[in-house]
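Colleague: only the shape, not the letters, is given here:
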């Protein structure tokens, strides 16, 4: 009968070989991730990083959208933010709880980009969505209230006769709510 010491000695070499194989596979995966996702992110090739099979495409697309926004390419920025949100929510509109802050940032930037395109109603909706994901987002609160004060008919259930895409309101709207 073999002792436990002999049994352990017999399995030591195969076990160490298995551990070494796992380490090599993990190192190769890390190298692949570095080349296909982390490297492009570090060099600000966000579009390339978003196309990687590893990594976090919504983050890369968000960064790509911010990059396009800074370059004043608002159409490209809007497309990137929209795709980032679609990937984040897996095209369902439902965002996982741990990703709500990123969703709030994406929606906020969609609001900003839509304001630049003078699509004020869409911007209001985006700011409201941003606040739905992150109720303490002061930038979204500020922009939302600013737009609603410029265009009083944009409140919930608004849809009044004036066109907010033409000219800001002077604040003397007859459907204004207050005390």
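Modeller: Sure thing, it's come through. Owing to the predicted nature of the structure, the values given are computational and were not obtained by experimental measurement.

Colleague: what helix or strand is residue 47 located in?
Modeller: With elements taken from DSSP states H and E, the one containing residue 47 is helix 46-50.

Colleague: list the buried residues for the helix or strand following that helix?
Modeller: Going down the chain from helix 46-50, the next helix or strand is helix 57-70, by DSSP H and E. Buried positions in helix 57-70, judged by neighbour count with 16 or more other Cβ atoms under 10 Å: 57-69. In short, each C-beta sits where N, CA and C put it, glycine included.

Colleague: dump those to CSV, plus pLDDT and distance to residue 116.
Modeller: Listed next are those as CSV, based on pLDDT from 0 to 100; distance: Cβ to Cβ, whole Å:
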residue, pLDDT, distance to residue 116
57, 93, 24
58, 95, 22
59, 95, 23
60, 94, 22
61, 96, 19
62, 96, 17
63, 95, 19
64, 96, 17
65, 97, 13
66, 97, 14
67, 96, 15
68, 96, 12
69, 97, 8
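
Colleague: is it true that residue 151 touches residue 120?
Modeller: Yes: Residue 151 is within contact range of residue 120, at 6.0 Å (criterion: Cβ atoms under 8 Å).

Colleague: and the buried residues of helix 57-70 as JSON lines, adding distance to residue 9?
Modeller: Output for those, formatted as JSON lines (distance: Cβ to Cβ, whole Å):
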{"residue": "57", "distance to residue 9": "48"}
{"residue": "58", "distance to residue 9": "51"}
{"residue": "59", "distance to residue 9": "49"}
{"residue": "60", "distance to residue 9": "50"}
{"residue": "61", "distance to residue 9": "54"}
{"residue": "62", "distance to residue 9": "54"}
{"residue": "63", "distance to residue 9": "53"}
{"residue": "64", "distance to residue 9": "56"}
{"residue": "65", "distance to residue 9": "59"}
{"residue": "66", "distance to residue 9": "58"}
{"residue": "67", "distance to residue 9": "58"}
{"residue": "68", "distance to residue 9": "62"}
{"residue": "69", "distance to residue 9": "64"}
